[in-house]
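Q: Sequence first, predicted coordinates after that:
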Amino acid sequence: MSVVSAGGRLPMPRDQRGSLRMEPRHMRARGRYAHSDVGVGDPFLPRFSAIASEGVKIPMQRDEWGEDTTVVTGVTSEHSYSGEEKKVYEPPVGRVVGRRCSRLFWILCSSLIGLAAVISAPAMCILPFLASHILGGEQFPISCQVDCQGSLLLVVIKTILLIVAIWALYWRHSLADMPRLYVARVSLVMFVLFILFAFWLFYIVRIFIERYQQYTYVISFATSLLDALLFIHYISFIILEIRRLRKEFVVTIVRDPDGESRTMPLGYMSIQEAAVEILLFYESTFPSYNMLLDKARQSAQQMRSGVPGGAAGFKMYDLEGLGPNQPISEVNARALMEAAARRRIAGYNELIQEEMDFSRRLQKRKYRLKIAAEDAFAHMQGIADSQQGTANGKQNVANQMDSMTAAQNVFTWIMRPMNKYLKTMRMQQKFNSESITRHIEKCLSMKVDHRTFLQRYFSDRFPEKDIVTESKWSIVSDSQSSANIQHGITFLLRSHNKAGTYFEDSFQFTNFQADNNGVQLLCTVSTLPFINLTEQSRASISKFALKISNESSV
């Protein structure tokens, strides 16, 4: 027979249980968890406490203490079920030397290939002159007439155009470091390398080995190479830039754990390219995730429900000795799931009330801050209007001296409601007194309204304190990240941005958490439908007939 228990200790022997039942001091020591007053309709298992039902423990050590000792852990046995969150995927290792070296190697190789593509055509035109100067004019006679000079000018112009095209398309910082090769870009680079190798091979064989003496054909050969490189650049612009502009898919992005959702269109691209576009869209449009506020409200809900720490575990005991490998019965599994469900959803009324109380408290502190800021800005504006009669020579000096003083006065006026509002939103570590004073000074110098000043703190996006050089994410997908996106594909983007320490003065805290710490993005891709658009027009609707009889007056 299997039983369900919320604890992990063995029951007490009957002789000890009977001896303790008669002593009043032991009855008082049971505490408030030992009461069994259950109202009508209240669930039984959420109020059950195995620790309270055991009474006082006698510290007696037996010989077989190592066989039945229970340790309270997250994994209690083979048949343990807990509501605690467990990490399925380990966080990736930081920057690996091999990965950095491979990226530097790729940048070096692509730069060398681009440099070779630029200087190949001019080098083909210059090498015959060098050979004629070194070996003598009898072996390499060079004659360049008017048409040859025009072709040389065309080579120079096309070389300049190729340099400008490469600079405009490729000379920029990379947006992301992808986990796999960018197939389209690598294919284009290899094709350019093949074109250069083929042209140089024919050039060496036909010009130097066979000693072809017509310099006009050398110029036309270099011009053909430049034409081929310009066409490849045009094709690369179509494949890498224009092709993805045509929207073919729509992706639904859901942020875990708060459930914030957005949708965005995507073109034809791979999963890793789509991940980069999604992350750029996320950084620019999604509201910031307030991790401290979310965890504080979750902790309040857990304390209210009587389950501290979120650990709502049940343990299965095998009293018949069937062995640990035997699965639990269907009846016990159903009872376990029902008990866990009742424990979690029994207090939805309290949850609704708590949400309403938090919204009301937040609105109250928000409007108190608005009133205080309005009064402070109006007072400073009145003082500024009264000082308009000062001399022009001293006006600039007075403004420079009084700007910080006025900002400090405004900050003193709004400090208390600002502190309460930031404390409610758990944003004390993001706005310190110095930054608020500087922002007030800037708003007063630009003569903006108090609502413009408060938008910085009422906005759903946090201001950046410094330049973020790198944001680390990982892709979790059943398909390879280099595969193209398709209808119905789902992948997960997991943030690995760790928390740091913010050393400036703040209201109460100095611990600075990264905004994306612990954030996951669940992305689902679906194909846009083919739109079959037709036109429906009836001539009878747009026309009317006026019937006039003999008796009607017109």
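A: Thanks, I have the structure now.
Q: Y367: how many residues sit nearby?
A: Residue crowding around Y367 was assessed by other CB atoms under 10 Å; the count is 12. From N, CA and C alone the C-beta is placed, and that goes for glycine too.
Q: Strands along the stretch 51-200 of the chain, start to end?
A: For the stretch 51-200 of the chain, the strands defined by DSSP state E, counting those that start in this stretch occupy 80-81.
Q: Please disregard the earlier target; I meant the chain.
A: 2-5, 80-81, 249-256, 261-266, 314-318, 473-477, 490-495, 500-501, 511-512, 520-527 (DSSP state E).
Q: mean confidence score for the first one?
A: Meaning strand 2-5. Averaging pLDDT along strand 2-5 yields 42.
Q: Was I right to think L162 contacts L229?
A: Yes - the pair L162 and L229 passes the contact test of CB atoms under 8 Å, sitting 5.8 Å apart.
Q: Need the overlap of contacts for these two.
A: With contacts defined as CB atoms under 8 Å, 6 or more residues apart in numbering, the residues shared by L162 and L229 are A117.
Q: Looking at the two, which is more packed in?
A: Between L162 and L229, counted using other CB under 10 Å, L229 has the larger neighbour count: 23 against 18.
Q: List the contacts of the more buried one.
A: Counting by CB under 8 Å, 6+ apart, the residues that L229 touches are A117, A121, L162, V192, I195.
Q: Number of residues surrounding A384?
A: A384: 14 neighbours (other CB under 10 Å).
Q: Return the per-residue confidence for it.
A: Taking A384 on its own, its pLDDT is 75.
Q: Next up, the contacts around it.
A: For A384, the contact set (CB under 8 Å, 6+ apart) comprises A406.
Q: so how far is V276 from it?
A: Taken as CB to CB, to the nearest Å, the spacing of A384 relative to V276 amounts to 49 Å.
Q: Over to L153?
A: Counting by CB to CB - L153 and V276 are separated by 42 Å.
Q: And for M124?
A: Distance, M124 to V276, using CB to CB: 39 Å.
Q: Then W106?
A: Distance from W106 to V276, by CB to CB: 17 Å.
Q: want to throw the contacts of L229 into a markdown table with distance to E241?
A: Formatted as a markdown table, those follow (distance: CB to CB, whole Å):
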| residue | distance to E241 |
| --- | --- |
| A117 | 19 |
| A121 | 25 |
| L162 | 17 |
| V192 | 17 |
| I195 | 21 |
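Q: neighbour-wise, which of the residues you listed leads?
A: Counting neighbours by other CB under 10 Å, A121 comes out on top of the contacts of L229 with 24 neighbours.
Q: what about the closest residue to V118 other than its chain neighbours, neighbour count?
A: Once flanking residues are discounted, V118 sits nearest to I163: 5.8 Å by CB to CB, 6 or more residues apart in numbering. Around I163 there are 14 other residues, counting by other CB under 10 Å.
Q: Who are the contact partners of A406?
A: Residues near A406 by CB under 8 Å, 6+ apart: M380, I383, A384, E441, L444.
Q: again, 10 Å this time
A: A376, F377, H379, M380, Q381, I383, A384, N399, I440, E441, L444, S445 (CB atoms under 10 Å, 6 or more residues apart in numbering).
Q: tell me the domain boundaries of this protein?
A: 1-72+299-346, 97-245, 249-288+467-527, 364-458 (automatic domain parsing).
Q: could you dump stretch 434-446 to PDB, C-alpha only?
A: Output of stretch 434-446 as PDB, limited to C-alpha atoms (Å, rounded to 0.1, in the frame of the first residue of the first chain):
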ATOM      1  CA  GLU A 434      22.800  62.400  -8.200                       C
ATOM      2  CA  SER A 435      21.200  61.200 -11.500                       C
ATOM      3  CA  ILE A 436      17.800  62.600 -10.400                       C
ATOM      4  CA  THR A 437      19.300  66.000  -9.600                       C
ATOM      5  CA  ARG A 438      21.100  66.100 -12.900                       C
ATOM      6  CA  HIS A 439      17.900  65.300 -14.700                       C
ATOM      7  CA  ILE A 440      16.000  68.000 -12.800                       C
ATOM      8  CA  GLU A 441      18.800  70.500 -13.700                       C
ATOM      9  CA  LYS A 442      18.600  69.600 -17.400                       C
ATOM     10  CA  CYS A 443      14.800  69.900 -17.400                       C
ATOM     11  CA  LEU A 444      14.900  73.300 -15.700                       C
ATOM     12  CA  SER A 445      17.500  74.600 -18.000                       C
ATOM     13  CA  MET A 446      15.500  73.500 -21.100                       C
END
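Q: Quick one: residues in contact with it.
A: In contact with stretch 434-446 (CB under 10 Å, 6+ apart) are residues 373, 376-377, 380-381, 384, 399-400, 402-415, 418, 422, 431-432, 448-450, 452-454, 456-457, 463, 465, 504-507.
Q: for the record, mean pLDDT for it?
A: Mean predicted confidence for stretch 434-446 is 89.
Q: What lies in contact with stretch 367-382?
A: With contact meaning CB under 10 Å, 6+ apart, stretch 367-382 is reached by 402, 406-407, 409-422, 440, 443-444, 447-454, 457-458.
Q: which residues pair with R255 across the strands?
A: The partner list for R255 in beta bridges (DSSP bridges) reads L521.
Q: Run through the residues that contact it.
A: 261-262, 282, 286-287, 289, 493, 495, 516, 519-522.
Q: Show me which of the residues you listed are buried.
A: Neighbour counting by 16 or more other CB atoms under 10 Å classes R262, Y282, F286, Y289, L493, S495, N516, V519, Q520, L521, L522 among the contacts of R255 as buried.
Q: Of these, which pair is most distant in space?
A: Farthest pair in the buried ones among the contacts of R255 (CB to CB) is R262 and S495. Separation: 16.0 Å.
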